[in-house]
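>>> Let's see this in three dimensions:
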Amino acid sequence: MAARRRGGVVDVWASWNGATEIRRWRVIAGGKVVATVPFADLETKATVRTGASGVAVEALDAAGNVLGRSALTSARS
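Next up is the predicted model:
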């Protein structure tokens with residue numbers, strides 16, 4: 001997972017090499033879910049509006065179960 005701040009928005013890239021069960025990514029910032037986006041091939045990009053300094057992602061399966069969670073990553077410009 002990587003993140004880059006652009007003013008009030010943060011671009012988030014999520015990837016999990018070899019995982020085949022992922023259907024969606026959940027983006028978490030400031031302890032809250034700020035977006036859920038469909039899995040999009042090897043690397044999925046989400047753009048979210050947040051003032052939080054760090055973001056994390058959770059990989060979700062088709063039933064919405066959490067398969068794994070990234071570490072909290074700093075959203076820097």
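>>> What are the boundaries of the strands in the protein?
2-6, 9-14, 24-29, 32-38, 44-49, 54-60, 66-69, 73-74 (DSSP state E).
>>> Mean pLDDT added to the ones you listed, as JSON lines?
Converted to JSON lines, those look like this (pLDDT from 0 to 100):
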{"stretch": "strand 2-6", "mean pLDDT": "95"}
{"stretch": "strand 9-14", "mean pLDDT": "97"}
{"stretch": "strand 24-29", "mean pLDDT": "98"}
{"stretch": "strand 32-38", "mean pLDDT": "97"}
{"stretch": "strand 44-49", "mean pLDDT": "97"}
{"stretch": "strand 54-60", "mean pLDDT": "97"}
{"stretch": "strand 66-69", "mean pLDDT": "96"}
{"stretch": "strand 73-74", "mean pLDDT": "94"}
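>>> okay, these in a markdown table with mean neighbour count next?
Using the backbone N, CA and C atoms, a C-beta is placed for each residue, glycine as well. Below are the strands of the chain laid out as a markdown table (neighbours: other Cβ atoms under 10 Å):
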| stretch | mean neighbour count |
| --- | --- |
| strand 2-6 | 16 |
| strand 9-14 | 20 |
| strand 24-29 | 22 |
| strand 32-38 | 14 |
| strand 44-49 | 16 |
| strand 54-60 | 21 |
| strand 66-69 | 12 |
| strand 73-74 | 12 |
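>>> Test of understanding: give the bridge partners of residue 24.
residue 38, residue 60 (DSSP bridges).
>>> Correct me if wrong: it contacts residue 40.
No. With contact defined as Cβ atoms under 8 Å, residue 24 and residue 40 do not form a contacting pair (10.0 Å).
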